[in-house]
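[1] Pasted the sequence and its predicted model underneath.
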Amino acid sequence: MYAEFELDIPDSLDGALGIMAAGAAKGVTPLAGGTNLIVDMRAGRERPVRVVGLGKIDELRGIVCDGDRISVGGRTTVADLLYSPEIAAAGPSLVEAARLFAGQMVRNAATVGGNIACGSPAADLVPPLLSLDAEVTLVNGSGTRSVPLDEYFLGYKRDLRGQDELITRVSWRRPVERSANAFYKLARRKGDAITVTGVAVTLSAEGERCSRARIALGAVAPVVMRAKRAEALLEGETLGFAAIDAAARQAAEECQPIDDVRASAGYRRHAVEALVRRLLTQTRDRLI
Ligand SMILES: Cc1cc2nc3c(=O)[nH]c(=O)nc-3n(C[C@H](O)[C@H](O)[C@H](O)COP(=O)(O)OP(=O)(O)OC[C@H]3O[C@@H](n4cnc5c(N)ncnc54)[C@H](O)[C@@H]3O)c2cc1C
């Protein structure tokens, strides 16, 4: 059973922002695909008094390539990502995350905005987006701001989104020519399972040297994190076994896993080292 709540389903972004602004004092909860929120409401973990459904706002859904930027609307679904040739070219790790995400029914409903906003350290779209240096665009009745996804999360299920703001899109610069990007999700089974450890990497190269490295880790810290000290061990270095091995060991050192029902902290740390080494080697082999 649900606790009682008011529901509005506007058909424009302006309409939704008006409702968010008017109800900001008591709080208005956005509802996108509902694959987290409805589950939490049914279980009594969330008891919103006012809900704004985003399901009719077409302007929040879609993938736009504008010059060298790729922009994905907040209400774009995981299935939209999976079947998009634009995303396959500009963020293959996101396609891989979408492929391994839940089952088809959930992928048809679950949205990019909802995955970011839920704030879970195991949210599968976040490591790929972090590895692509994505920015989140937040909009309220008074304006728009874009923040690097890397700065968006403040702690476990805490972020810098204001009460009256919606995630309208996430965007990133199209990768440079010599770069490669990959994701791997380790879970207790292949389909429909919560991530034990998720790793996304992006490498760019000039000659045999790494010009840019991004290593993003899911489900091994209170938030999805970048292993920045490991990235620094790669940048400027020849992309050989020594640098990759040092970065993999450093990433394992940097993460902050906990024991839970799915895996021990020690297993997760071991998985980070093995997966970072594997993905860096695979992406390196595509570049050199
Ligand atoms: C069976 C099942 C399997 C799942 N498997 C996976 C999986 O493999 N990987 C994974 O990462 N997740 C998984 N999930 C969790 C969930 O599907 C995802 O987190 C999904 O992306 C949430 O998106 P949504 O649109 O359904 O969000 P909702 O449930 O509608 O909302 C989630 C939260 O985000 C807020 N919100 C939604 N949209 C916006 C917006 N545009 N702006 C601001 N706030 C917003 C809501 O207020 C709410 O707090 C699974 C869930 C189920 C039920």
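    Sure, I can see it.

[2] Name the nearest residue to the residue in the stretch 51-200 of the chain positioned nearest to the ligand, ignoring sequence neighbours.
    Across the stretch 51-200 of the chain, the shortest distance to the ligand (C-beta to the nearest ligand atom) belongs to residue 114, at 2.2 Å. C-betas here are computed from N, CA, C, even on glycine. What sits nearest to residue 114 in space, not counting adjacent residues and going by C-beta to C-beta, 6 or more residues apart in numbering, is residue 32, at 4.2 Å.

[3] List phi and psi for the one you found.
    Dihedral pair for residue 32: phi -100, psi -100, per degrees, to the nearest 10.

[4] burial count for it?
    The burial count assigned to residue 32 is 28, neighbours taken as other C-beta atoms under 10 Å.

[5] Show me the strands in this structure, by range?
    6-8, 29-31, 50-53, 63-66, 69-73, 135-140, 143-148, 153-155, 158-159, 166-173, 179-187, 195-206, 209-218, 225-226 (DSSP state E).

[6] got those as a markdown table, with mean pLDDT, distance to residue 22 and mean neighbour count columns?
    As requested, the strands of the chain are exported to a markdown table (pLDDT from 0 to 100; distance: least, C-beta to C-beta, whole Å; neighbours: other C-beta atoms under 10 Å):
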| stretch | mean pLDDT | distance to residue 22 | mean neighbour count |
| --- | --- | --- | --- |
| strand 6-8 | 96 | 10 | 13 |
| strand 29-31 | 98 | 14 | 20 |
| strand 50-53 | 97 | 9 | 19 |
| strand 63-66 | 95 | 30 | 13 |
| strand 69-73 | 97 | 24 | 22 |
| strand 135-140 | 98 | 12 | 21 |
| strand 143-148 | 98 | 17 | 12 |
| strand 153-155 | 97 | 26 | 15 |
| strand 158-159 | 96 | 22 | 15 |
| strand 166-173 | 98 | 14 | 23 |
| strand 179-187 | 96 | 40 | 22 |
| strand 195-206 | 96 | 37 | 26 |
| strand 209-218 | 98 | 36 | 25 |
| strand 225-226 | 98 | 36 | 22 |
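
[7] Any chance of the ones you listed in a markdown table with distance to residue 88 as columns?
    Output for the strands of the chain, formatted as a markdown table (distance: least, C-beta to C-beta, whole Å):
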| stretch | distance to residue 88 |
| --- | --- |
| strand 6-8 | 36 |
| strand 29-31 | 28 |
| strand 50-53 | 30 |
| strand 63-66 | 11 |
| strand 69-73 | 11 |
| strand 135-140 | 21 |
| strand 143-148 | 24 |
| strand 153-155 | 27 |
| strand 158-159 | 28 |
| strand 166-173 | 14 |
| strand 179-187 | 11 |
| strand 195-206 | 15 |
| strand 209-218 | 19 |
| strand 225-226 | 24 |
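
[8] I'd guessed the residue of the stretch 51-200 of the chain closest to the ligand sits against residue 33; true?
    Yes - judged on C-beta atoms under 8 Å, residue 114 makes contact with residue 33 at a distance of 5.6 Å.

[9] Which one of the two is surrounded by more residues?
    Neighbour count, other C-beta under 10 Å: between residue 114 and residue 33, residue 114 has more, with 25 against 22.

[10] Quick check: residues of the stretch 151-288 of the chain near the ligand?
    166, 167, 192 (C-beta under 6 Å from any ligand atom).
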